[in-house]
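[1] need a 3D model of the sequence below.
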Amino acid sequence: MDRSEEFNIRLNRRRLLERGAMAGAGLIVVPSLLAACGGGSATTDGGATGAMSTAANTETTSGAPTAGGVFRAAISDAGPTETLDPHAIASVVDQYRAFNLYDRLAETQIDGTVKPHLAESIEAADDTSTTWIVKLRSGVTFHDGSPLTAADVLWSFRRIGGDPKAPYFASVDPYIDVATSSVKDDLTVEFVLKAPYGNFQWFLSQKPLFILKDGTKDIADPASVVGTGPFKLESFEPGQKTVMTRFDGYFLAPEPYFDAVELIQIAKEQQKAALLAGQIDGTENFDVIAQALELEGNAAAALFRVPGANPPQFNMRMDVAPFDDPKVREAMKLSIDREQMMSLLFQDQATLANDLHGPSFPSYNADLPQRAYDPEKAKALLKEAGKEGLTVELVTGLYPDAAQAFAQQAKASGITINLKKIPQADVYNTDLYYLKVPFGETYWGNDSFEYIAPMAYFKDGPYNETRWNDPAWEKEFIAASAVADDAERNTRYQELQGPLWENGGEIIFNWGDGLFAGKPTIQGVQPRIGFIWNDLRFREMWYQA
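    As a prediction, this is how the structure comes out:
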């Protein structure tokens with residue numbers, strides 16, 4: 001997702017994509033699929049909305065796919081709180097596993113549209129959009145050889161949306177009546193909704209909505225991991241390594257092509273050296289852009305770019321002092337120099353952000369004023385709040401360089417930011433820091449407002465990092481989601497972003513280009529909205545013969 005000085009006006013796709021295309025020899029540009037400048041949308045099959053790009057897609061593909069080989073991917077946030085449960089994912093490494101061990105009913109395509117995946121069709125039963133019929137593909141099997149059935153689907157949604165203690169309860173319960181929804185036959189599920197939902201196919205593509213076997217309860221060890229995904233879990237060492245092997249019965253054969261994928265815990269600052277030493281085959285996003293650009297022209301590595309995929313984010317908890325005061329939150333947002341951050345952190349391989357998610361999508365509100373660095377106004381706000389000479393602590397593990405720069409910039413506002421540096425693997429440790437600290441960090445990547453909102457802005461959302469709590473706002477969001485017309489629904493989503501921009505606790509200041517690297521023989525890396533490596537779809541990649 002990219003935000004920018006270009007969002008002072010509107011997003012200039014051509015400038016962003018051309019900049020990536022001219023970045024140098026050996027740099028492979030994977031364009032972010034950006035929304036049209038005028039806020040237009042592309043309608044998917046079934047009414048889903050995605051963003052379109054005017055630029056040609058650049059793929060790292062040479063020749064026909066070939067099977068074989070092991071892809072060793074570095075990850076840096078593994079730790080003791082990792083989970084094998086796809087309905088409880090929190091960290092990036094959890095998502096690396098879930099995306100490859102399990103499947104969802106629908107899936108985002110290269111061009112940003114959404115199409116059925118495990119489902120064969122997703123159709124409204126009538127014009128009210130309150131009942132939807134999902135017919136499953138036939139012949140899909142789980143890793144243990146048992147067939148995928150409608151009972152598995154219904155069980156999975158009841159597991160998420162039937163227990164208020166479930167991590168993603170708020171992603172399902174406001175919308176689907178899981179008790180009334182039913183199995184019609186072995187391959188047909190009838191979803192009964194609590195209110196009309198105009199874009200249900202998109203809804204079913206959301207990241208936590210993975211399908212498990214009927215009756216699955218605790219998922220605590222590799223033996224209990226039974227999905228339909230392209231890879232099977234071979235071994236799992238929390239904080240160290242995950243090994244997934246090819247599932248030969250995958251329904252999208254000949255995918256996957258790799259024999260296995262290994263996820264190896266390596267600190268980000270060590271990943272470049274590990275790649276060049278042949279210890280891994282792919283890195284994560286580089287946080288230090290200079291380190292990534294040093295790989296340009298290096299025959300031992302291919303450098304990939306996804307514009308706007310690396311958005312640092314600081315979170316202020318709105319339920320604790322001093323961030324329970326909206327004047328303090330605004331002062332903090334005015335105390336970060338977004339222009340300087342682009343140069344310091346990303347060497348201008350970034351665009352300005354405006355404290356909201358989703359500028360790659362037509363639901364994004366590009367008409368709000370772009371916040372700028374204004375320490376004098378910040379001082380005045382703090383004086384009004386009785387908080388002159390404010391001192392706060394920022395817990396940092398994802399973006400320590402950004403945190404250090406922010407601390408320096410905030411001094412001009414009379415704000416002292418003391419840094420508490422923690423290991424990156426501890427950032428999402430819910431026993432220690434995540435969702436606990438008053439002032440911390442997170443990373444959402446390139447996701448839309450409508451995807452993030454139920455998880456981050458609903459009172460009971462699993463990742464309500466800022467403690468946003470506005471029941472009327474939630475009600476309006478649910479009503480907006482019921483609108484069938486794409487343009488009207490997006491307009492209402494845009495209106496809902498106004499209160500978040502004005503009063504929210506998120507500081508999203510840059511949309512840095514995602515730069516990541518791999519072996520030069522890697523093929524099949526495609527432009528995707530979402531995470532790196534084809535939105536973590538290792539099934540689509542292979543090694544050049």
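[2] in which helix or strand would I find W501?
    Here W501, judged by DSSP states H and E, is contained in helix 486-503.
[3] in its sheet, what does the helix or strand just after that helix sit against?
    Once helix 486-503 ends, the next helix or strand along the chain (criterion: DSSP H and E) is strand 506-508. In the sheet, strand 506-508 lines up against strand 313-316 (antiparallel) (DSSP bridges).
[4] quick one: low-confidence residue ranges for the stretch 101-250 of the chain.
    Within the stretch 101-250 of the chain, no stretch has pLDDT under 70.
[5] all the helices of it, in order from the start?
    For the stretch 101-250 of the chain, the helices defined by DSSP state H, counting those that start in this stretch occupy 150-161, 169-172, 200-203.
[6] give me the residues contacting the first one.
    Outside of helix 150-161, the residues that reach it under the criterion C-beta atoms under 8 Å, 6 or more residues apart in numbering are 87, 105, 118, 134, 136, 142, 166, 168-169, 171-173, 176, 178-179, 181-189, 191, 208-216. For the C-beta atoms, the positions are set from N, CA and C on the backbone; glycine is no exception.
[7] at 6 Å instead, please
    Residues outside helix 150-161 that contact it (C-beta atoms under 6 Å, 6 or more residues apart in numbering): 87, 166, 168, 172-173, 176, 178, 183, 187-189, 211-214.
[8] in that helix, what's buried?
    Neighbour-count burial for helix 150-161, counted by 16 or more other C-beta atoms under 10 Å, picks out 150, 152-161.
[9] returning to what we had before: and which of the contacts of helix 150-161 is nearest T442?
    Closest to T442 out of those is Y168 (16.6 Å), distances taken as C-beta to C-beta.
[10] returning to that earlier point: tell me which of the contacts of helix 150-161 fall in strands.
    Among the contacts of helix 150-161, the residues falling in strands (DSSP state E) are 183, 188-189.
[11] what about the strands in the stretch 251-400 of the chain?
    For the stretch 251-400 of the chain, applying DSSP state E, counting those that start in this stretch gives strands covering 260-265, 302-310, 313-316, 350-352, 391-396.
[12] if we can go back for a sec, buried residues in the helix holding W501?
    So for helix 486-503, counting by 16+ other C-beta under 10 Å, buried means 486, 489-494, 496-497, 500-501.
[13] now these as CSV including distance to F458?
    Formatted as CSV, the buried residues of helix 486-503 follow (distance: C-beta to C-beta, whole Å):
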residue, distance to F458
D486, 23
R489, 18
N490, 20
T491, 21
R492, 16
Y493, 15
Q494, 19
L496, 12
Q497, 15
L500, 13
W501, 18
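[14] just those residues: which has the poorest pLDDT?
    Across those, the smallest pLDDT goes to D486, namely 89.
[15] ok, it to Q270 distance?
    The gap separating D486 from Q270 is 45 Å, by C-beta to C-beta, to the nearest Å.
[16] for T228, see how far away the closest residue to G145 other than its chain neighbours is.
    Distances taken as C-beta to C-beta, 6 or more residues apart in numbering put G249 closest to G145, at 7.2 Å, once the chain neighbours are dropped. For G249, the distance to T228 (C-beta to C-beta) stands at 9 Å.
[17] so those two - more neighbours on which side?
    More crowded of G249 and T228, by other C-beta atoms under 10 Å: T228, with 27 against 16.
[18] just checking, the more buried one touches D144?
    No - taking C-beta atoms under 6 Å as the definition, T228 is not a contact partner of D144, at 10.4 Å.
[19] report the buried residues of stretch 249-265.
    249-251, 255-258, 260-265.
[20] what residues does that stretch touch?
    Contact with stretch 249-265 is made by 65, 67-75, 78, 96, 140-141, 230-231, 240-246, 538-539, 542, as judged by C-beta under 6 Å, 6+ apart.
[21] quick check: end-to-end length of it?
    End-to-end distance of stretch 249-265 (C-alpha to C-alpha, to the nearest Å): 29 Å.
[22] can you pull the contacts of R246?
    R246 is in contact with 256, 259, counting by C-beta under 6 Å, 6+ apart.
[23] ok, 8 Å please
    Listed by C-beta under 8 Å, 6+ apart, the contact partners of R246 are 230-232, 256, 258-260.
[24] what's the answer for E474, then?
    Taking C-beta under 8 Å, 6+ apart, we find E474 in contact with 174, 457-459.
[25] render the CA-only coordinates of the host helix or strand of it in PDB, please.
    Assigned by DSSP H and E, E474 belongs to helix 471-481. Extracted C-alpha coordinates of helix 471-481, given in PDB (Å, rounded to 0.1, in the frame of the first residue of the first chain):
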ATOM      1  CA  PRO A 471     -20.100   1.400  18.700                       C
ATOM      2  CA  ALA A 472     -21.900   3.900  16.300                       C
ATOM      3  CA  TRP A 473     -18.900   3.700  14.000                       C
ATOM      4  CA  GLU A 474     -19.000  -0.100  14.000                       C
ATOM      5  CA  LYS A 475     -22.700   0.000  13.200                       C
ATOM      6  CA  GLU A 476     -22.000   2.300  10.300                       C
ATOM      7  CA  PHE A 477     -19.200   0.100   9.000                       C
ATOM      8  CA  ILE A 478     -21.500  -3.000   9.100                       C
ATOM      9  CA  ALA A 479     -24.200  -1.000   7.200                       C
ATOM     10  CA  ALA A 480     -21.700   0.100   4.600                       C
ATOM     11  CA  SER A 481     -20.600  -3.500   4.000                       C
END
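[26] in it, what's buried?
    For helix 471-481, burial by neighbour count (16+ other C-beta under 10 Å) applies to 473-474, 476-478, 480-481.
[27] and what of stretch 278-285?
    Within stretch 278-285, the residues scored as buried using 16+ other C-beta under 10 Å are 280-285.
[28] tell me the confidence at the spatially closest residue to N469 that is not a sequence neighbour?
    Nearest residue to N469, sequence neighbours excluded (C-beta to C-beta, 6+ apart): K459, at 4.9 Å. For K459, the pLDDT comes out at 94.
[29] could you look up the SS state of K459?
    coil (DSSP: H, G, I helix; E, B strand; the rest coil).
[30] look up how far R537 lies from P256.
    Here P256 is placed at a distance of 9 Å from R537 (C-beta to C-beta).
[31] tell me which two of the buried residues of stretch 249-265 sit farthest apart.
    F251 and Q265, at 30.9 Å, using C-beta to C-beta across these.
[32] TSV for the buried residues of stretch 249-265, including distance to L345?
    Output for those, formatted as TSV (distance: C-beta to C-beta, whole Å):
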residue	distance to L345
G249	45
Y250	39
F251	42
E255	36
P256	35
Y257	35
F258	33
A260	35
V261	30
E262	30
L263	26
I264	26
Q265	24
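[33] I figured D535 hits Y96, correct?
    No - between D535 and Y96 there is no contact under C-beta atoms under 8 Å: 10.9 Å.
[34] so which of the two has more stuff around it?
    Counted by other C-beta under 10 Å, D535 and Y96 do not tie: Y96 has more neighbours, with 24 against 21.
[35] so what's that one scoring on pLDDT?
    95.
[36] does it sit in a helix, a strand or a coil?
    The assignment at Y96 comes out as helix when based on three-state DSSP.
[37] hmm, it is touching L536, no?
    Yes - the criterion here is C-beta under 8 Å, and Y96 meets it with L536 at 5.7 Å.
[38] residues in contact with L536?
    Going by C-beta under 8 Å, 6+ apart, L536 touches 95-96, 99-100, 530.
[39] relative to R104, how far out is it?
    Using C-beta to C-beta, L536 is found at 13 Å from R104.
[40] show residues contacting stretch 403-417.
    Applying C-beta under 8 Å, 6+ apart, the contact partners of stretch 403-417 are 314, 331-332, 334-337, 340-341, 344-345, 373, 375, 378-379, 382, 388-394, 396, 418-419, 441.
[41] the residues you listed in helices, which ones?
    In this view, those that belong to helices under DSSP state H are 331-332, 334, 340-341, 344-345, 375, 378-379, 382.
[42] good, we can wrap up now.
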